[in-house]
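*Asks:* Here is a sequence with its predicted model. Questions after.
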Amino acid sequence: MDKLLIRGGAPLAGEVRVSGSKNAALPILAATLLVDDVVTLSNVPHLNDVTTMFELLGCLGVEMVLDEKMHIDIDARNITSLVAPYDLVKTMRASILVLGPLLARFGEAHVSFPGGCAIGSRPVDLHLRGLEAMGASIEIDGGYIRAKAPDGGLRAAHLLFDIVTVGGTENLMMAAALAKGTSVIENAAREPEIVDLANFINVMGGRVEGAGSDTLVVHGVESLHGGHYRVMPDRIEAGTFLAAAAATRGKVKLRDIDPHTLEAVLLKLQEAGADIQTGPDWISLDMHGKRPKAVNLRTAPYPAFPTDMQAQLTTVNAVAEGTGAVTETIFENRLIQTHELNRMGAKIILEGNTAIITGVETLKGAPVMASDLRASASLVIAGLVAKGETLVDRIYHIDRGYECIEEKLRQLGADIQRIV
Ligand code: UD1
């Protein structure tokens with residue numbers, strides 16, 4: 001199993017390009033199932049989760065041709081299967097995103113029921129309830145969700161989520177794109193990746209309105225046509241590099257990133273003492289060699305502070321001046337990396353879903369184990385700050401969501417290598 005060996009202590013410095021967004025690419029790849037024509041995607045990141053989605057689409061009979069620049073031609077005209085198998089769904093929960101499109105275009109789908117994961121139970125009840133409201137019949141049988149549209153296809157519905165769900169909003173937006181009539185989705189997620197998915201659907205001839213607000217209006221169309229779409233930049237990858245620079249008292253510039261998608265994170269980093277400058281497609285951060293100051297934060301749906309940046313800011317707090325409280329409100333088990341940070345000398349106490357973090361001057365290198373994607377990123381940041389060597393184990397988690405992480409960090413001056 002691959003590990004990352006990090007010799008920490010040096011501030012990150014330099015410039016790096018932000019990759020395409022994982023959390024936008026996955027739903028957009030699923031949405032290509034809606035299209036009865038060839039779609040070309042660019043800026044798709046080269047990541048294990050994306051490879052898993054390719055495998056899943058391949059299983060369904062989708063043909064894909066990839067060039068060296070990761071431009072992908074995707075042809076979902078001749079689907080041969082409507083089954084998303086257990087082996088793929090268990091490695092990536094986002095596989096559930098094929099359910100809405102398959103049901104909308106082909107009237108039937110069998111998708112393995114996703115289980116829990118390291119960060120919590122993560123149910124999909126809201127996805128299923130929404131599809132039922134559109135007329136689908138849903139049965140759970142043999143560990144599979146067996147969904148069938150009514151005769152004549154899915155019907156538009158008025159949907160309201162009692163919890164804001166990113167994946168639920170995406171699945172139902174895709175289903176509604178080909179349903180009969182106009183659907184309304186209330187208390188929709190407002191994440192930039194939702195906007196990217198809506199833009200994709202609209203470029204292919206769909207009619208989604210209101211993306212980025214809490215009410216989506218989706219006018220169903222007969223069919224979608226082909227076209228080209230460029231996936232948005234990864235705001236979480238960008239935020240991770242900024243947090244790494246803040247923790248190491250460094251100075252970095254990120255290119256190919258829309259600063260508006262990171263406002264809550266930039267505000268917290270400024271509060272931590274970072275000098276942040278932004279342009280239309282870049283962000284720079286300079287700590288002027290100073291130690292960060294502790295910040296309090298609470299995760300919540302966009303535009304508030306993202307749960308996917310919580311672990312990274314917890315590490316910044318771990319080496320900050322003062323005491324900070326970090327409250328996780330989205331996933332119940334997403335503070336577990338704090339135990340590994342304590343093994344590196346951090347002073348973190350957990351009280352329910354809040355971590356109370358008393359900053360220490362520096363951390364000490366240690367062997368640590370990653371438990372999920374963003375937790376692994378936070379351990380890499382801790383390794384970059386720590387004195388001595390840190391060996392981060394189980395980095396298959398990090399390869400799910402960070403493109404060329406060690407190359408990019410080396411570009412910023414980090415001493416990091418992969419041990420296979
Ligand atoms: C997506 C992101 C993930 C991010 C999360 C929250 C992708 C591929 N993943 O995950 O990186 O951390 O949004 O920003 O984009 N819930 C239910 N019932 C449901 C669906 C969700 O109770 O049917 C709950 C979840 O357990 C969780 C909350 O709603 O507590 C939010 O989850 P959701 O927004 O759906 O997360 P994902 O789409 O799985």
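*Replies:* Nice, thanks for sending it over.
*Asks:* Up against the ligand, what does the chain have?
*Replies:* 23, 26, 94, 120, 122-127, 163, 165-168, 193, 306-308, 330-331 (C-beta under 6 Å from any ligand atom). (Glycine included, C-beta is placed from N, CA and C.)
*Asks:* Figure out the helix or strand that the closest residue to the ligand within the chain lives in.
*Replies:* The ligand sits closest to residue 167 of the chain, with a gap of 2.8 Å, by C-beta to the nearest ligand atom. Assigned by DSSP states H and E, residue 167 belongs to helix 166-177.
*Asks:* what's the distance between that helix and the middle of its chain?
*Replies:* Offset of helix 166-177 from its chain centre (C-alpha atoms, centre = their mean, to the nearest Å): 16 Å.
*Asks:* Show me what it packs onto, helices and strands only.
*Replies:* helix 22-31, helix 99-106, helix 125-133, strand 182-186, helix 192-203, strand 207-209, strand 215-219 (3 or more C-beta pairs under 8 Å, 6 or more residues apart in numbering; DSSP states H and E).
*Asks:* Swap in 6 Å and give it another go.
*Replies:* Packing partners of helix 166-177 (3 or more C-beta pairs under 6 Å, 6 or more residues apart in numbering; DSSP states H and E): helix 99-106, helix 125-133, helix 192-203, strand 215-219.
*Asks:* State the mean pLDDT of the shortest one.
*Replies:* For strand 215-219, the per-residue pLDDT values average out at 98.
*Asks:* what's the spacing between the helix or strand just after it and its chain's center?
*Replies:* Next helix or strand after strand 215-219 toward the C-terminus (DSSP H and E): strand 227-230. Computed by C-alpha atoms, centre = their mean, the chain-centroid distance of strand 227-230 equals 20 Å.
*Asks:* List of residues touching strand 227-230?
*Replies:* Here strand 227-230 makes contact (C-beta atoms under 6 Å, 6 or more residues apart in numbering) with 40, 41, 42, 43, 200, 203, 204.
*Asks:* Would you mark the buried spots in that strand?
*Replies:* 227, 229, 230 (16 or more other C-beta atoms under 10 Å).
*Asks:* what about stretch 215-234, how long is it end to end?
*Replies:* Taking C-alpha to C-alpha, to the nearest Å, stretch 215-234 runs 24 Å from one end to the other.
*Asks:* gap between it and the chain center?
*Replies:* 19 Å.
*Asks:* Also stretch 374-382?
*Replies:* Worked out by C-alpha atoms, centre = their mean, stretch 374-382 lies 15 Å from the chain centre.
*Asks:* again, but for stretch 203-218
*Replies:* For stretch 203-218, the distance to the chain centre is 20 Å (C-alpha atoms, centre = their mean).
*Asks:* Pull out the buried positions in that stretch.
*Replies:* 203, 204, 205, 206, 208, 210, 211, 212, 216, 217, 218.
*Asks:* And for stretch 375-390?
*Replies:* Using 16+ other C-beta under 10 Å as the test for burial, stretch 375-390 gives 375-386, 390.
*Asks:* Serialize these to CSV and add fields for distance to residue 146, pLDDT and secondary structure.
*Replies:* Shown next, in CSV, are the buried residues of stretch 375-390 (distance: C-beta to C-beta, whole Å; pLDDT from 0 to 100; DSSP: H, G, I helix; E, B strand; the rest coil):
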residue, distance to residue 146, pLDDT, secondary structure
375, 34, 93, helix
376, 35, 94, helix
377, 37, 96, helix
378, 39, 97, helix
379, 40, 97, helix
380, 41, 97, helix
381, 43, 98, helix
382, 44, 98, helix
383, 45, 98, helix
384, 47, 98, helix
385, 49, 98, helix
386, 50, 98, coil
390, 46, 97, strand
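*Asks:* So what's the residue count around residue 181?
*Replies:* For residue 181, the tally of surrounding residues (other C-beta atoms under 10 Å) stands at 13.
*Asks:* right, and it touches residue 154 too?
*Replies:* No: judged on C-beta atoms under 6 Å, residue 181 makes no contact with residue 154 at a distance of 9.5 Å.
*Asks:* Below-threshold pLDDT in the stretch 51-200 of the chain: ranges please.
*Replies:* 115-121 (pLDDT under 70).
*Asks:* try 80
*Replies:* Within the stretch 51-200 of the chain, the segments meeting pLDDT under 80 span 68-70, 115-122.
*Asks:* what does the stretch 201-350 of the chain give?
*Replies:* By pLDDT under 80, the stretch 201-350 of the chain has no low-scoring segment.
*Asks:* Which residue ranges of it form helices?
*Replies:* Assigned by DSSP state H, counting those that start in this stretch, the helices in the stretch 201-350 of the chain fall at 235-247, 263-271, 310-318, 337-343.
*Asks:* how near is the residue nearest to residue 229 when sequence neighbours are not counted to residue 52?
*Replies:* If the residues on either side of it in the chain are set aside, residue 229 comes closest to residue 200, at 4.9 Å by C-beta to C-beta, 6 or more residues apart in numbering. Separation of residue 200 from residue 52 (C-beta to C-beta, to the nearest Å) stands at 20 Å.
*Asks:* When the two are compared, which one has more neighbours?
*Replies:* Between residue 200 and residue 52, counted using other C-beta under 10 Å, residue 200 has the larger neighbour count: 28 against 19.
*Asks:* Can you give me the end-to-end span of stretch 38-54?
*Replies:* 15 Å.
*Asks:* what comes up buried for that stretch?
*Replies:* Residues of stretch 38-54 classed as buried by neighbour count (16+ other C-beta under 10 Å): 38-39, 41, 43-45, 47-50, 52-54.
*Asks:* with the buried residues of stretch 203-218 in mind, which one is nearest to residue 32?
*Replies:* Within the buried residues of stretch 203-218, proximity to residue 32 (C-beta to C-beta) peaks at residue 204, which comes in at 8.7 Å.
*Asks:* which ones are touching the residue lying closest to that closest one once chain neighbours are set aside?
*Replies:* The shortest distance from residue 204 to any non-neighbouring residue, by C-beta to C-beta, 6+ apart, is to residue 224 (4.1 Å). By C-beta under 6 Å, 6+ apart, the contact set of residue 224 is 34, 35, 204, 205, 206.
*Asks:* Switch the buried residues of stretch 38-54 over to JSON lines; also include secondary structure.
*Replies:* Converted to JSON lines, the buried residues of stretch 38-54 look like this (DSSP: H, G, I helix; E, B strand; the rest coil):
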{"residue": "38", "secondary structure": "strand"}
{"residue": "39", "secondary structure": "strand"}
{"residue": "41", "secondary structure": "strand"}
{"residue": "43", "secondary structure": "coil"}
{"residue": "44", "secondary structure": "coil"}
{"residue": "45", "secondary structure": "coil"}
{"residue": "47", "secondary structure": "coil"}
{"residue": "48", "secondary structure": "helix"}
{"residue": "49", "secondary structure": "helix"}
{"residue": "50", "secondary structure": "helix"}
{"residue": "52", "secondary structure": "helix"}
{"residue": "53", "secondary structure": "helix"}
{"residue": "54", "secondary structure": "helix"}
